[in-house]
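**Student:** Would you be able to build a 3D model of this:
(chains A, B, C and D)
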Protein chains: 2
Amino acid sequence: MSTMARIRVLTADDHPLLREGIAAVLQGQPDMEVVGEAATGREALLQFRRLAPDVTLMDVQMPDVNGIDAIHAIRQESPDARIIVLTTYEGDVLASRAIKAGAAGYLLKGMLRKDLIDTIRAVHAGKRRIPAEIAVALAQHHADDGLTPREVEVLNRVAAGHANKRVADELAISEETVKTHMKSIMAKLAASDRTHAVTIALRRGIL
Amino acid sequence: MSTMARIRVLTADDHPLLREGIAAVLQGQPDMEVVGEAATGREALLQFRRLAPDVTLMDVQMPDVNGIDAIHAIRQESPDARIIVLTTYEGDVLASRAIKAGAAGYLLKGMLRKDLIDTIRAVHAGKRRIPAEIAVALAQHHADDGLTPREVEVLNRVAAGHANKRVADELAISEETVKTHMKSIMAKLAASDRTHAVTIALRRGIL
DNA sequence: CAGCGCCTCCCTCTTTCGGGGGACTCTGGT
DNA sequence: ACCAGAGTCCCCCGAAAGAGGGAGGCGCTG
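**Tutor:** Numbers count the residues shown, from 1 in each chain, chains lettered A, B, ... in the order given. Now for the predicted structure:
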């Protein structure tokens, strides 16, 4: 046991109390240890470079640089980095982005200690661990999510209460184009009107 | 020291990891101890009755019964219960409701260990601890937002993409009345249109 | 190079919103 | 007894939104 190398874990979360909780749980495990902590995405990247942890637990919503971008950055430098996303369920879009960014595991903060340590061990062993509820959500919306950058830009302004005409002026395009974008947004999200589209987008984490 | 009674704390949060973190922090303090945990509002109420803790740490968003209602229920039975709300910042409405429900403290999950133990000690001593950022948010939207139950009902359906006419049918009132409600909703939230109203309501935690 | 997705623009027509009024009940509190 | 707030209903009217088309350019990839 003492000769066996422990799993070195880096935790990245903007909630100190949660990091404390993770540390407390891992401290009770003989085969793992927290070697570093980060409160922002930028910090996470720096700490990853410095420590080269075996497993990284990464929150998606962090100040400075968000978790998704941090995962991208880390995996660009170290394509075999083992990263687990740790989050309260924020909508399927964030989940799917995290998976696409290269996360090997997805943990909900509501999960138990056992799930945490199981997932860490599994991911460290090179496996992937995506909970069923997330997988289902991904499958359900696999085809549709894809709003284009322009569409997101339009929807953002619409959510802010801007009329089509005003959005058109802001983006320096014609009102007709904005209406075209709105049509395709509502079709993609299966929304009955612009208000519904905004509701869906906010709940899914698109906006 | 050993003769001094310790502050008995109950934690209510649906995130086991966070409860673990709190427990870990309090374990390091000689004058406090976690005597119970709850994962839902209902559990929190039951545990409170059973344990009569000195201080209760309560999350606002929990399954079953939410934190605000749980605070109401507890303070109705024990008006001198000392309760601290613990949450990720969800918008000022939840904060103000929690304060009104009788919370003596408001803690953000992003806060440090020191803030946690300081607030617990202060609240246990009968003081109130509301962070400046929350106080400012409360002052800005001074008199709460004050959407009436009926208005929330209307806005909920509007958020779901229902036209005024349809909302009218669902609530068995005339379309004119729905329009009147929408006018007052938009005025209260200072929204430029229905879509903006929904955005604001979702971000503030009203919907 | 043909096709596809993205972005852009235009037209018509109907429905829906939203601003501006006013007005009637009922309730709870001063 | 009175007044404020909530909830209801009604009017007019201009502006916006949405459903229905069509259409062209541009960049990427098979």
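
**Student:** what about A:Ala122, how many neighbours?
**Tutor:** The number of residues packed around A:Ala122, counting by other Cβ atoms under 10 Å in any protein chain shown, is 17. C-betas here are computed from N, CA, C, even on glycine.

**Student:** Looks to me like it is in a strand.
**Tutor:** No. Residue assignment for A:Ala122, taken from DSSP: H, G, I helix; E, B strand; the rest coil, gives helix, which places it outside any strand.

**Student:** Enumerate every residue touching the residue lying closest to it once chain neighbours are set aside.
**Tutor:** Take A:Ala122 and drop its neighbours on the chain: the residue closest to it by Cβ to Cβ, 6 or more residues apart in numbering or on different chains is A:Arg129, 4.9 Å away. When contacts are counted by Cβ atoms under 8 Å, 6 or more residues apart in numbering or on different chains, A:Arg129 is found next to A:84, A:104-106, A:118-119, A:122-123.

**Student:** In PyMOL, how would I select the buried members of those?
**Tutor:** With 16 or more other Cβ atoms under 10 Å in any protein chain shown as the criterion, this PyMOL line picks the buried residues out of the contacts of A:Arg129:
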select buried, chain A and resi 84+104+105+106+119+122+123
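
**Student:** how is chain A carved up into domains?
**Tutor:** Residue ranges of the domains in chain A are recorded as A:7-140, A:149-204, according to automatic domain parsing.

**Student:** Considering the ones you listed, which stretch scores lowest in mean pLDDT?
**Tutor:** For the domains of chain A, mean pLDDT drops lowest on domain A:7-140, to a mean of 90.

**Student:** Please see if it touches DNA strand C.
**Tutor:** No. Using Cβ under 7 Å from any atom of the strand as the criterion, no contacts between domain A:7-140 and DNA strand C are found, and the smallest distance is 14.6 Å.

**Student:** Can you get me the centre-to-centre distance for that domain and its chain?
**Tutor:** Going by Cα atoms, centre = their mean, to the nearest Å, the spacing between the C-alpha centre of domain A:7-140 and its chain's C-alpha centre is 9 Å.

**Student:** contacting residues for A:Arg19?
**Tutor:** Applying Cβ under 8 Å, 6+ apart, one finds that A:Arg19 lies in contact with A:11, A:13, A:37, B:21.

**Student:** could these go into TSV alongside secondary structure?
**Tutor:** Formatted as TSV, the entries for these read as follows, by three-state DSSP:
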residue	secondary structure
A:Thr11	strand
A:Asp13	coil
A:Glu37	strand
B:Gly21	helix
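
**Student:** So which of those residues wins on neighbours?
**Tutor:** A:Asp13 (29 neighbours).

**Student:** wait, isn't that residue in contact with A:Val60?
**Tutor:** No. Taking contact to mean Cβ atoms under 8 Å, the distance of 9.8 Å between A:Asp13 and A:Val60 leaves them out of contact.

**Student:** Could you pull out the helices in chain A for me?
**Tutor:** The residue ranges that make up the helices of chain A, judged by DSSP state H, are A:16-27, A:41-51, A:67-77, A:92-101, A:113-124, A:132-140, A:149-159, A:164-171, A:175-189, A:194-204.

**Student:** relative orientation of the fifth one and helix A:16-27 in degrees?
**Tutor:** Taking axes from the mean of the first three to the mean of the last three Cα atoms, to 10 degrees, helix A:113-124 and helix A:16-27 form an angle of 70 degrees between their directions.

**Student:** returning to what we had before: I'd like the helices of chain A laid out as TSV, including distance to B:Leu46.
**Tutor:** Listed next are the helices of chain A as TSV, based on distance: least, Cβ to Cβ, whole Å:
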stretch	distance to B:Leu46
helix A:16-27	23
helix A:41-51	39
helix A:67-77	36
helix A:92-101	33
helix A:113-124	23
helix A:132-140	27
helix A:149-159	41
helix A:164-171	51
helix A:175-189	41
helix A:194-204	31
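
**Student:** for the contacts of A:Arg129, which one is nearest A:Asp54?
**Tutor:** Closest approach between those and A:Asp54, by Cβ to Cβ: A:Val123, at 9.0 Å.

**Student:** dump the residue contacts of that closest one.
**Tutor:** A:55, A:82-84, A:104-105, A:129.

**Student:** Quickly note the distance from it to DNA strand D.
**Tutor:** A:Val123 is 30 Å from DNA strand D, where distance means Cβ to the nearest atom of the strand, to the nearest Å.

**Student:** and what of A:Ala104?
**Tutor:** For A:Ala104, the distance to DNA strand D equals 26 Å [Cβ to the nearest atom of the strand].

**Student:** so who does that residue touch?
**Tutor:** Contacts were defined as Cβ under 8 Å, 6+ apart; by that measure A:Ala104 touches A:82-84, A:123, A:127-129.

**Student:** Kindly report the same for A:Ile71.
**Tutor:** Going by Cβ under 8 Å, 6+ apart, the list of residues near A:Ile71 reads A:58, A:83, A:85, A:98, A:101-103.

**Student:** Can you pull the residues of chain A lying near DNA strand D?
**Tutor:** Contact residues (Cβ under 7 Å from any atom of the strand) of chain A with DNA strand D: A:163-165, A:179-180, A:182-183, A:186, A:192-195.

**Student:** So which of the residues you listed wins on neighbours?
**Tutor:** So for these (other Cβ under 10 Å), the most neighbours sit at A:Thr195, 25 neighbours.

**Student:** Quick one: residues contacting the nearest residue in space to that residue that is not next to it in sequence.
**Tutor:** Spatial nearest neighbour of A:Thr195, excluding adjacent residues (Cβ to Cβ, 6+ apart): B:Thr195 at 4.5 Å. Contact criterion Cβ under 8 Å, 6+ apart gives A:158-159, A:161, A:194-195, A:198 as the residues in contact with B:Thr195.

**Student:** switch the cut-off to 6 Å
**Tutor:** In this structure, B:Thr195 makes contact with A:158, A:194-195, A:198, judged by Cβ atoms under 6 Å, 6 or more residues apart in numbering or on different chains.

**Student:** same deal with A:Arg194?
**Tutor:** So, once contact is read as Cβ under 6 Å, 6+ apart, A:Arg194 ends up touching A:158, B:195.

**Student:** go again using 8 Å as the cut-off
**Tutor:** Shown in contact with A:Arg194 (Cβ under 8 Å, 6+ apart): A:158, A:182, A:186, B:195.

**Student:** Spell out which residues of chain A are next to chain B.
**Tutor:** Residues of chain A found near chain B (Cβ under 8 Å from any Cβ of the partner chain) are A:14-25, A:88, A:109-113, A:116, A:158-163, A:191-199, A:202-203.
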